[in-house]
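K.L.:
Return a 3D structure for these sequence lines:
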Amino acid sequence: MNNTTRIVASIVRLLLGSDSAPVSLTQASLLLLRVVLGTVMIHNGFDKLADIPSFAEAYVQAIGLPFPIFFAYCAAFTEVIASPLLALGLFTRPAALGLFATMLVANYHHIVTGGFSIPSIELSSIYAVSFAFFVIYGGGKYAIDTLLANALTKWLNLPAGIAPSLSTKATTAK
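P.N.:
Now for the predicted structure:
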C-alpha cells in the first residue's frame, strides 16, 4: 500500500469510524463540553436565586412538590455550586448527578405543565443527557479530579492494578 492510499484510508477511518479520533482530541472535546455546560448552566441558578418565591410558585409548587421554597433553594444552589465544579472537573460525578437531578425535575415540570411537547422539553433533555454522561464517565483526562486521583495514587504508592479507578489507564484508554 502506498502513502496516498494510507492517507486516504486514515481520512476515511477518521470520518466514518466512531472510535478512531486520537485520545487527546477526544479528551479535549470532553473538556470543552464540560466547560461549556458548566458555564452556561450557572446563570440558571442565579436566575432562581434572584426571585426564589416566584420560582417556587411557578415551578416547584406547580408540580406538587412539598416545601416549594426549600426545593427552590436546593435547585438554585445545586446549579450555582455544581456548574462551576463541573466546568473545572472537580467532584465531577457528584456535581453532574445534582445537575442531572435538577434537569429531570425540569423535564417533569415541562411535561406536567405543557404536555409532551418537544420544544418545551428539548433543552432540559439535552442538559440531562449531557450531565448523565459525566455522571457515568467522569471528568476525563483534563479534569482536576484526574490530577487529584493521580496524585493520590502516587502518594499512596499504589500500583495501577490495585486501584484501577485511580489510574490514568482508565481515562486514557479508547
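
K.L.:
okay, the helix or strand where W155 lies in CSV with CA atoms only?
P.N.:
If you go by DSSP states H and E, W155 is part of helix 144-156. The C-alpha trace of helix 144-156 is given here as CSV (Å, rounded to 0.1, in the frame of the first residue of the first chain):
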residue,chain,number,x,y,z
ILE,A,144,-8.9,18.4,38.3
ASP,A,145,-10.4,15.0,39.5
THR,A,146,-7.9,13.2,37.4
LEU,A,147,-5.0,15.3,38.7
LEU,A,148,-6.1,14.6,42.3
ALA,A,149,-6.6,10.9,41.6
ASN,A,150,-3.1,10.6,40.0
ALA,A,151,-1.5,12.5,42.9
LEU,A,152,-3.3,10.3,45.4
THR,A,153,-2.2,7.1,43.6
LYS,A,154,1.4,8.4,43.5
TRP,A,155,1.3,9.5,47.1
LEU,A,156,-0.1,6.1,48.3
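
K.L.:
other SSEs contacting it?
P.N.:
Identification of packing neighbours for helix 144-156 by 3 or more Cβ pairs under 8 Å, 6 or more residues apart in numbering; DSSP states H and E yields no helix or strand. For every residue, glycine as well, the C-beta is placed using N, CA and C.

K.L.:
hmm, try it at 10 Å
P.N.:
Packing contacts for helix 144-156, counted by 3 or more Cβ pairs under 10 Å, 6 or more residues apart in numbering; DSSP states H and E, involve helix 68-88, helix 92-114, helix 169-172.

K.L.:
Which one, of those helices, ends up nearest to N157?
P.N.:
Nearest of the helices and strands packed on helix 144-156 to N157, taken as Cβ to Cβ: helix 169-172 at 16.7 Å.
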